[in-house]
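Participant: Here is my input; please provide its structure:
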Amino acid sequence: LESLGDELMCDSDDWRVWFEAEQPDQRRLPGELSGLSGFKRLLLYRVMRPDRVPRGLLALVEETLGPEFVQPNTGDALEDALDESSCCTPILVLVSQGVDIEPNVLA
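Facilitator: Take a look at the predicted model:
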């Protein structure tokens, strides 16, 4: 990323197209930065297109850990976790904003 300023100046037309794209995270980065690693690509999104950071983060997790880590849980994920746990094993439940898990917990 040290050469970002030079890249922007040399390939300004290509960078403008990338920057103004609706989904720049789906496009190849212009110039020498086309081979940027996942985390550095995420940093670039943070600097130039913060609106694309959530999608970039999902892509990084999928690329690094695998698709099963970005797929939403379906069915009885909480029930499965309870079946695999014990009284000595804590369960951490992460939910998205607006999701009501109370019916699953009370069931």
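Participant: just checking, Leu44 touches Ser37?
Facilitator: No. Leu44 is beyond contact range of Ser37, at 10.5 Å (criterion: CB atoms under 8 Å). The way it works is simple: take the backbone N, C-alpha and C, and place the C-beta from them, glycine included.
Participant: How many neighbouring residues does Leu94 have?
Facilitator: 5 (other CB atoms under 10 Å).
Participant: about what we covered before: comparing Leu44 and Ser37, which residue is more hemmed in?
Facilitator: When neighbours are counted by other CB under 10 Å, Leu44 and Ser37 differ, and Leu44 comes out ahead with 20 against 10.
Participant: Now do the same contact list for Arg16.
Facilitator: Neighbouring residues of Arg16 by CB atoms under 8 Å, 6 or more residues apart in numbering: there are none.
Participant: Which positions within the helix or strand where Glu63 lies qualify as buried?
Facilitator: Using DSSP states H and E, Glu63 sits in helix 53-65. Within helix 53-65, the residues that count as buried by 16 or more other CB atoms under 10 Å are 53, 55-57, 59-60.
Participant: Need the residues you listed in CSV (columns: pLDDT and distance to Gln23).
Facilitator: Shown next, in CSV, are those (pLDDT from 0 to 100; distance: CB to CB, whole Å):
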residue, pLDDT, distance to Gln23
Val53, 92, 13
Arg55, 91, 8
Gly56, 91, 11
Leu57, 91, 15
Ala59, 90, 11
Leu60, 92, 16
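Participant: and which of those is nearest to Ile101?
Facilitator: Leu57 (22.8 Å; CB to CB).
Participant: so where do the helices sit in the chain?
Facilitator: Remark: helices assigned in the chain by DSSP state H are 4-10, 12-20, 38-48, 53-65, 77-84, 102-106.
Participant: which helices and strands does the longest one pack with?
Facilitator: With contacts taken as 3 or more CB pairs under 8 Å, 6 or more residues apart in numbering; DSSP states H and E, helix 53-65 sits against helix 38-48.
Participant: Now do the helix it packs on and helix 12-20, the angle between them.
Facilitator: Interaxial angle, helix 38-48 versus helix 12-20 (axes from the mean of the first three to the mean of the last three CA atoms, to 10 degrees): 90 degrees.
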